[in-house]
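A predicted structure for the sequence below; I have some questions about it.
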Amino acid sequence: MAHEAAFDLLDEGRALALKGDWTVDTIAALEGELRALGERLQPGATLDVSALGRMDVAGAYLIGRTLRGAQPDGMIRVRGEHPSARKLIETAGKSAKEPAAPPDHPHGIIGLVEVIGRNVAAIGEEIIETMGFFGETLSVLGRQLLNPTKIRWVSVVHTMEVAGLNAAPIIALLSFFIGLVVAYLGARILGDFGASVFTVELVAFSVMREFGVVITAVLLAGRTASAFTAEIGAMKMRQEIDAMRVMGIEPMDALVAPRVLAMLVMTPILTFAADMAGLFGGLLVSWAELGVSPNMFFSRISELVPAQHFWVGMVKAPVFALVLSIIACKQGLSVGGDVASLGSRVTTSVVQSIFMVILIDAGFALWFLEMDL
Amino acid sequence: MSEDIAIKVRGIVTRFGSQIVHNGINLDVRRGEILGVVGPSGTGKSVLLREIVALDEPTDGTIEFTPLENGEQPRIGVMFQDGALFSTLTLLENVEAPLREHTDLSPELRSEIAGLKLVMTGLPPDSHHKRPSEISGGMRKRAAVARALALDPAILFLDEPTAGLDPISAEQFDRLIEELARAVGLTVFLVTHDLDTLHAVCDRVAVLYKGKVAAIGTIEQIAANATGWVKEYFSGPRGRVAERAARGGV
């Protein structure tokens, strides 16, 4: 066990005798006492280390700080034998400097206003940058589509599998449950008006127009956009992006375009899967709750639900795909040198993606309504 | 004298799958010495370091730290190759982190001691509130040493301390390690490729080759009896220049 640090004031403050171990573990208890001791020490007091146990730099610093205040010339006189105390006190004394004040951050109202101003400016910049990135990506995509040999098929197909196909089960499952819930609600509420047979239309309309595609997009934002941002961001942090640039490989061509292309292909397919799963959920409930047989379910849909509702949903899928993947890639390329920026960029990527999906969906809803579609 | 030994490494065997990295390593680190460990790339120098500080477990063998006079296990500090500073904290907060966890010091004294450690490693106070991403690689290494020294360890482990530094910074860094070790009475275990470091600061050198300790001793002893790879290493063109520099420079 370490011996507790202690000290004795000798000869009416002309000498300070140290006892026990003065290490980083033991000095915490003495801090206050030593501060009070400063006034009681006589100028030119000596330090007695003959009974001192172990000492380390922290202990030496603390004793040096206490004594130096009482010394007119800043010198510390040490008496007694100790293997390392003298050297340690000297070492600590040499390096003891006035600490620099931490950088000043404004507080209160001014600080608040400054923070708000900075954030507003940052949002503005972010919008402009993302728009620029959007345009750049479109031009790269256009160039690649005009000359399909330039498309990096391997990474396109790989991304299609990892980000698209592997997401299919979870998207289908969620959409199935949404279809189930909508059908239950329909059977219940429409039943109050004696119109429960319209449950079939309710499920078909809502799943095909909205839920299928929005569930797909939101899940892809959580699952795929975050992965894109993290992948590209980690590459950026490890200078892999810089390495590509100096090799003459454009990250826009090699990283961004394949991801955007893969998502453009896969999102409509996933949306279709989501639509089917949602309808299946509705079918089960209609069958069990309302006695609508699967046969009748399908014939009702094909007779009473125009195909335009399906296309209204599907047409949104590539738009969402484009927005999601471009936001994700842009955030990935904006990652800085430190770990915290990776985390915050991934968060931003997911939040922005979901926000944009909902916003664009609302825009579409208004537009289709005005167009009577 | 056995009590002069700080770390006893006995019969270390390390296998990764079918690849044998260490095949019976025996090594004594003496108290208060600066021991340099060298060897060709891939001989498991860093792995050995990781095993000694208990980050990895060897397949076989024992590693024993001699307790201090008061019976406690000696404290260790480790500096990793790229510093491994916490990137979300400032330099001062990085050095404060171990103090905050393991001592009851008041916040003021804690930050004063952390500042002292940073100054000891050659970082002026105006850099203490910067983040690791805002400073140069050499400064990051210094800050990493300061953090390794935060709790005044008895034994300091350094993994490639001078890798990636320019020759002048590397030389300053060598001198820093030596000064710190002598001032505080540290035992230093140092993995390096840098021949200048070996000549400038190491009391003894251990050469790892083909899973064994091929040679251990002062650098003169090793160079005198060298054969094979060891000879090539120390008497190749770089080795000779480093030796001449060390002789002429002192």
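Nice, I can see it. Residues are numbered from 1 along each chain as shown, chains lettered A, B, ... in the order given.

What is the lowest-mean-pLDDT helix or strand in chain A packed up against?
Lowest mean confidence among the helices and strands of chain A (mean pLDDT, DSSP states H and E): helix A:31-40, at a mean of 77. If contacts are counted by 3 or more C-beta pairs under 8 Å, 6 or more residues apart in numbering or on different chains; DSSP states H and E, helix A:31-40 sits against strand A:6-10, helix A:57-70. For the C-beta atoms, the positions are set from N, CA and C on the backbone; glycine is no exception.

Quickly note the distance from the residue most central in space within chain B to chain A.
Centroid-nearest residue in chain B, with C-alpha atoms, centre = their mean: residue B:158, separated by 2.2 Å. Residue B:158 sits 18 Å away from chain A, going by C-beta to the nearest C-beta, to the nearest Å.

hang on, that residue packs against residue B:176?
No. When contacts are counted by C-beta atoms under 8 Å, residue B:158 is not listed as touching residue B:176 (10.9 Å).

which neighbours do those two share?
Common neighbours of residue B:158 and residue B:176 are listed as residue B:145 (criterion: C-beta atoms under 8 Å, 6 or more residues apart in numbering or on different chains).

Kindly compare burial across the helices and strands packed on helix A:31-40 and name the winner.
helix A:57-70 (a mean of 23; mean count of other C-beta atoms under 10 Å in any protein chain shown).

What pLDDT does the model give residue 174?
Picked chain A for this. Note on residue A:174: pLDDT of 96.

wrong one, I was asking about chain B
88.

how close does it sit to residue B:183?
15 Å (C-beta to C-beta, to the nearest Å).

Between these two, which is the more surrounded one?
residue B:174 (23 against 18; other C-beta atoms under 10 Å in any protein chain shown).

these two touch, right, that one and residue B:201?
Yes. Contact criterion C-beta under 8 Å: residue B:174 and residue B:201 qualify, at 5.0 Å.

Now for residue B:178, how many residues are close by?
17.

does residue 43 sit in a helix, a strand or a coil?
Unless you meant another one, I'm taking chain A. coil (DSSP: H, G, I helix; E, B strand; the rest coil).

meant chain B actually
Per three-state DSSP, residue B:43 ends up coil.

Distance check, the nearest residue to it once chain neighbours are set aside against chain A.
Ranked by C-beta to C-beta, 6 or more residues apart in numbering or on different chains and with sequence neighbours excluded, the top spatial neighbour of residue B:43 is residue B:208, at 4.5 Å. Taking C-beta to the nearest C-beta as the measure, residue B:208 falls 28 Å from chain A.

Check the gap between the closest residue to residue B:191 other than its chain neighbours and chain A for me.
Leaving aside its chain neighbours, residue B:191 sits nearest to residue B:45 (4.5 Å; criterion: C-beta to C-beta, 6+ apart). From residue B:45 across to chain A, the span is 23 Å (C-beta to the nearest C-beta).

Tell me which residues touch residue B:45, please.
B:37, B:38, B:39, B:191, B:208.

Repeat that for residue B:155.
By C-beta under 8 Å, 6+ apart, the neighbours of residue B:155 are B:6, B:7, B:29, B:65, B:74, B:75, B:76, B:77, B:186, B:187, B:188, B:189.

Which secondary structure elements does the host helix or strand of residue B:114 sit against?
Using DSSP states H and E, the element containing residue B:114 is helix B:107-120. Applying 3+ C-beta pairs under 8 Å, 6+ apart, one finds that helix B:107-120 contacts helix A:57-70, helix A:85-95, helix B:91-102, helix B:137-148.

and chain B, which of its residues are near chain A?
B:69-72, B:87-88, B:99, B:102-106, B:109, B:111-113, B:115-117, B:119-120, B:124-126, B:128-129, B:131-133, B:149, B:151-152, B:183-185 (C-beta under 8 Å from any C-beta of the partner chain).

Pull out the buried residues from the residues you listed.
Buried members of those, counted by 16 or more other C-beta atoms under 10 Å in any protein chain shown: B:87, B:99, B:103, B:105, B:109, B:111-113, B:115-117, B:119-120, B:128-129, B:131-132, B:149, B:151-152, B:183-184.

Please tell me how far residue A:349 sits from residue A:358.
Counting by C-beta to C-beta, the gap from residue A:349 to residue A:358 is 15 Å.

Check residue A:204 too.
22 Å.

would you list every one of the strands in chain B?
B:5-16, B:19-30, B:34-38, B:60-65, B:76-79, B:155-159, B:187-191, B:204-209, B:212-217 (DSSP state E).

which of the residues in stretch B:173-191 are buried?
B:173-174, B:176-178, B:180-181, B:183-184, B:186-191.

for stretch A:316-324, that is, sorry about that
Buried-residue list, stretch A:316-324, by 16+ other C-beta under 10 Å: A:316, A:317, A:319, A:320, A:321, A:322, A:323, A:324.

average model confidence for it?
Mean predicted confidence for stretch A:316-324 is 96.

what's it in contact with?
Under C-beta under 8 Å, 6+ apart, the answer for stretch A:316-324 is A:213, A:216-217, A:220-221, A:224-225, A:260, A:263-264, A:266-268, A:270-271, A:353, A:356-357, A:360-361, A:364.

Turn the helices and strands packed on helix A:31-40 into TSV, including mean pLDDT and distance to residue A:280.
As requested, the helices and strands packed on helix A:31-40 are exported to TSV (pLDDT from 0 to 100; distance: least, C-beta to C-beta, whole Å):
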stretch	mean pLDDT	distance to residue A:280
strand A:6-10	81	79
helix A:57-70	80	69
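
of all those, which lies closest to chain B?
Closest of those to chain B is helix A:57-70, at 5.0 Å (criterion: C-beta to the nearest C-beta).

now for that closest one, which elements pack on it?
strand A:15-22, helix A:31-40, helix A:85-95, helix B:107-120.

cutoff 10 Å now
strand A:15-22, helix A:31-40, strand A:46-48, strand A:52-55, strand A:77-79, helix A:85-95, helix B:107-120, helix B:167-184 (3 or more C-beta pairs under 10 Å, 6 or more residues apart in numbering or on different chains; DSSP states H and E).
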